[in-house]
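In: the sequence and its predicted three-dimensional model are supplied below.
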Protein chains: 2
Amino acid sequence: MKIALISMEVVPGRPDLNAASMRRKIAEAKTAGADLALFPALSLSGLFLGNVWKQPAFLRDCTAYAEEIAATADGITVLFGNGAADDGCTGVRRTLMEARDGVLREVAHSPLHGAGTHFSPLLYELPNEDIILAADASPFPVCFDVRALADTAREKRKHIFYVNALGLQDKGKTIYTFAGRAQVFSADGMRVLMSPAYTEGMTVVDTESMPAPLTAAKEAPIAPKYRMLRYAVQKFLERIHMERVVIGISGGIDSAVAAALYVDAIGADKVLLVNMPSQFNSATTKGLAAQLAENLGCRHMIVPIEESVAHTVQQLTAVPIMGTAAQAAEHLTISSFVRENMQARDRSGRVLSAVAATWGAGFTCNANKAESTVGYATLYGDQAGFLSALADLWKHEVYALARYLNTEIYKREVVPQGIIDIVPSAELSDAQNVDEGKGDPIRYPYHDYLFRAFAEENRIPEDILAHYADGDLEEYIGCAAGLVADYFPTAEEFIVDLERWWGLYTGMAVAKRIQSPPLLSTSGRAYGSDHPESQIDAYETIRYRALKKQLLKK
Amino acid sequence: MKIALISMEVVPGRPDLNAASMRRKIAEAKTAGADLALFPALSLSGLFLGNVWKQPAFLRDCTAYAEEIAATADGITVLFGNGAADDGCTGVRRTLMEARDGVLREVAHSPLHGAGTHFSPLLYELPNEDIILAADASPFPVCFDVRALADTAREKRKHIFYVNALGLQDKGKTIYTFAGRAQVFSADGMRVLMSPAYTEGMTVVDTESMPAPLTAAKEAPIAPKYRMLRYAVQKFLERIHMERVVIGISGGIDSAVAAALYVDAIGADKVLLVNMPSQFNSATTKGLAAQLAENLGCRHMIVPIEESVAHTVQQLTAVPIMGTAAQAAEHLTISSFVRENMQARDRSGRVLSAVAATWGAGFTCNANKAESTVGYATLYGDQAGFLSALADLWKHEVYALARYLNTEIYKREVVPQGIIDIVPSAELSDAQNVDEGKGDPIRYPYHDYLFRAFAEENRIPEDILAHYADGDLEEYIGCAAGLVADYFPTAEEFIVDLERWWGLYTGMAVAKRIQSPPLLSTSGRAYGSDHPESQIDAYETIRYRALKKQLLKK
């Protein structure tokens, strides 16, 4: 029996386009002599559709297109995925449909999962054959663990043919990719086939001559995230009908990695880099930004912001405040802190927005996950953008991606080593002078891991403090040994730091994340639609207060 | 038997504060001679807590505080609400706890609903009494329909004592108020008591002398929304520890209503109004803005934006575009459309942000729901702000609120009649000259209702087109008769308009809503956390295409 596994891009909410695509692929499978064609789950509808699942007309059309597919399946058995109305709590079930010579029947179903955390393929054991079909629609990286299929194959002594959906789908703020891999497990539980991720195509396997077991290829841990990001950037731009991007480059690591990623994904001629120095930007970072632009070969501009910021300061302090509530000759006074954030907004809200609109582009947000966790970003400033490609990467992952892009993708130093080596700094004031080794208040080697414990493992200060007291905090959160004692000589300093960031994470940062751009989920635990939040005050648990008291007494 | 119904503000996620508040109120109830005190559901924990519900330590503390309450309940029976771990799909159940002389027991429970659409009180029939207690935690306006209690009372021939939580809680982007009303229904199904909304207090009723039935008071339909908005604005500012607000006033209706609302809620000395004219702002609207500020008596400033916008245009067109991908002497050219949006961003991203930061305030977003539905707002411009108080009001509700504020609250013309009468316009170009009667592309008398059908009733273009074809569209969507024929002389014009707005609603507007500020739910069907969305292309159903073909053939 010849089985065609179809890695097909599923366009969410477009059964018309998906049906047309399926008809073409069914014809190809017949040409290739396949007896059976297996499509992914929800191949007609897509998975993340927001309110569309609540439209009876949409489900009605999905049924109509399914019947159209059935009519196409002449001389070949076609298994494909669809959505159908259901009594369950989501109101919809995912179905596996079998079509042959105009006859359509449902052979498997499961509830539609929308929560983004639990997915499993629809399984169908072919009658009178030692074959199980598995049709999936699992987003990367929360996707179904296909290794479980190896166990099922071994247990049941049957071959398993698996295919996942391909494409990009979003839940509003959080965007997921679907890797679309076809995989085959032989009856002894060995993986004998795996098609490349993010690649449309058809894999035909003759069950009479199963391939030999695969050996796993070695690669850098960041490699799957790189593939995902590259595909996502391409597809998201396609989805929103945008071809070009503008990227503000500071000479720092995040914007440099963003620039290298976008140039790799869409080409140097589609990317415009803009460096926007103020009086606080060092010659060092200005030089590094220029070098980055040169290495990438794309358009770049230098738009200084000093004059514009000075104009605003001058104007706002000169304008009189009128009204009966005002004191005589009342005026505003701009503090240096306010001036810092004015610079960030001048760059994004004034320059990048206008450049992007003029160039028919979107401008990117280059925030990383450590910054998002504690709101270390300016609203309408560096937090702005049409997409946050890196917002689910911790700072150490951004560095890993920089190195990976240089060594494995470009195979030359595209991100200048100077950018990798320099201290991370927003350069918004003299206190952040990189030439003096000064930079961000976040100490990434420790805070990256502390924040990950907050954001991805739902740890709270009492957990952190308990492990601090036990002396095994570094192991608990996964950071390098010796950092805690190095950064915080006393328990008091440790606690001040912990409470400062926890307060920001549960406070101001929530407010900022509410207005942050859409972001790509690369961890499966991204901020956005799958990270429920409320603007509530930080609460100190009873145990936390006791631990703190004990530690401060020592 | 004397029953004390406790209207108590529940602070979400703060069992420590809520327990302290409950202890005080239990003492008051005892002083008032009550035999029993009834608190709202989830009175220790709150309802919308995001990830906090997944923290075992939080649930553990809730139990500890419940035991503390039990110890307080000496000589009085206390019924209160809490959350507890559960096997169900939310992992948490809401419980009704009875405490008396240190003994604590669960007398009722139901699953924790987090979806924001279905709520019902926890009921407990007192043994050997003709009394049912009902403890609720239902947000307004999606709150449990208490009239159902009248039926239950009549059926069971028992008195029902009901109390709802009071306060403000959010699901991140969407903010809800809880009105905290106490209500009593007598055994014949009559409402005999209703305490005022949004008011902390205690209502003691002696079951031996039930009050007489109430007669419903008449008021304007916008009145409940006004009360909700006023309370929400106060509480939200308190929650985020912010005392003052800055409001950009254009001389249009939305910003005028926002200004009048905030001044009413927090006082004129806490509000700073900023008018930011460009060359396109008429003397008419500038005058109306000044008059509004004078009527309200708060601080106001005039900050023209012309110079700043001109500087940006000049700078961006002068800067050369460098790089190997660039053509010789490549420069940007700023179109008039780009210049329009630059004005909006100059106002919010430059002026209001800096003024607010300097004044220790937040600046408001004054968008209404019609604008949000189709993304008629500029990102980082007029869409920006710390809170969108009016974003769940349709334009006609904004007008209703303006009239209500003038006649019922201020009892004088605070919002100038000229602002109520003028054509709605963004005044971003000559095409929007109000003195020539030109304004926004949205024709509110029709589009308000069309958009409501999209956003609140999940209607899709095939529904709209079917009713257009049948000639009963105005009745179907609830707008004034005659408008459709007036605005759209031909079916083609009607369809072009329908597809334009539907495309924006499901496209660009989704992208904008992802980055919009938190908003108050006044309809129960607000955008934000309870309105699942995906960035997917508009899909034309099979029936829509058929209807369209038929209509255009005529």
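Out: That came in fine, so what should we check first?

In: the stretch 151-300 of chain A: strands as residue ranges?
Out: A:159-164, A:166-171, A:174-179, A:182-185, A:191-194, A:201-206, A:244-248, A:271-275, A:299-302 (DSSP state E, counting those that start in this stretch).

In: list the residues that contact the nearest residue to A:L79 once chain neighbours are set aside.
Out: Take A:L79 and drop its neighbours on the chain: the residue closest to it by CB to CB, 6 or more residues apart in numbering or on different chains is A:L38, 4.9 Å away. C-beta coordinates here come from the backbone N, C-alpha and C atoms, glycine included. Each residue near A:L38 by CB atoms under 8 Å, 6 or more residues apart in numbering or on different chains is listed here: A:I3, A:A4, A:L5, A:I6, A:L79, A:L133, A:A135, A:F161, A:V163.

In: tell me the one among these nearest to B:S45.
Out: For the contacts of A:L38, the closest approach to B:S45 (CB to CB) belongs to A:A135, at 41.6 Å.

In: ok, the residue nearest to A:L79 to chain B distance?
Out: Distance from A:L38 to chain B, counting by CB to the nearest CB, to the nearest Å: 25 Å.

In: okay, now the nearest residue to A:K369 once chain neighbours are set aside: neighbour count?
Out: Here the nearest residue to A:K369 in space, its sequence neighbours aside, is A:W394; by CB to CB, 6+ apart that works out to 5.2 Å. Neighbours of A:W394 under the rule other CB atoms under 10 Å in any protein chain shown: 22.

In: next one: A:W394 from A:A455, what distance?
Out: Distance of A:W394 to A:A455, given as CB to CB, to the nearest Å: 9 Å.

In: shared neighbours of the two, anything?
Out: A:K369.

In: which residues does the residue nearest to A:L79 form beta bridges with?
Out: Counting by DSSP bridges, A:L38 is bridged to A:L5, A:L79.

In: for it, give me the pLDDT.
Out: Per-residue pLDDT puts A:L38 at 98.

In: equivalent analysis for A:G114, please.
Out: 50.

In: disregarding residues adjacent in the polypeptide, which is nearest to A:F337?
Out: Closest to A:F337 by CB to CB, 6+ apart is B:A357, at 7.9 Å.

In: count of residues packed around the one you found?
Out: Using other CB under 10 Å: B:A357 sits among 23 other residues.

In: could you list the domains of chain A?
Out: Taking automatic domain parsing as the reference, chain A has its domains at A:2-216, A:227-439, A:443-554.

In: nearest to B:V263, out of those?
Out: Among those, the nearest to B:V263 by CB to CB is domain A:227-439 (9.9 Å).

In: could you give the average pLDDT over the closest one?
Out: The pLDDT scores in domain A:227-439 average 96.

In: just give the closest residue to the residue of chain A found nearest chain B, not the sequence neighbours.
Out: Nearest residue of chain A to chain B (CB to the nearest CB) works out as A:G349 at 2.8 Å. In space, and not counting its chain neighbours, A:G349 is closest to B:G349: 2.8 Å by CB to CB, 6+ apart.

In: assign a three-state SS to the one you found, would you?
Out: helix (DSSP: H, G, I helix; E, B strand; the rest coil).

In: burial of it, as a residue count?
Out: Using other CB under 10 Å: B:G349 sits among 28 other residues.

In: over to A:D470?
Out: With other CB under 10 Å as criterion, A:D470 counts 10.

In: and it, how far from A:F454?
Out: A:D470 is 19 Å from A:F454, by CB to CB.

In: was I right about A:P416 contacting A:L296?
Out: No - at 10.6 Å, A:P416 does not count as touching A:L296 under the criterion of CB atoms under 8 Å.

In: quick one, which of those two is more surrounded?
Out: A:L296 (26 against 21).

In: three-state assignment of the residue lying farthest from the centre of chain A?
Out: Using CA atoms, centre = their mean, the residue of chain A lying farthest from its centre is A:A328. It sits 52.6 Å away. On the three-state scheme (three-state DSSP), A:A328 is labelled coil.

In: for A:H241, grab the count of nearby residues.
Out: 9.

In: all strands for the stretch 301-450 of chain A, in order.
Out: Remark: strands assigned in the stretch 301-450 of chain A by DSSP E, counting those that start in this stretch are A:361-363.

In: tell me the contacts of A:E98?
Out: Counting by CB under 8 Å, 6+ apart, A:E98 has contacts A:T77, A:V78, A:L79, A:L104, A:R105, A:E106, A:V107, A:Y124.

In: cutoff 7 Å now
Out: The contact partners of A:E98, taken as CB atoms under 7 Å, 6 or more residues apart in numbering or on different chains, are A:T77, A:L79, A:R105, A:V107.
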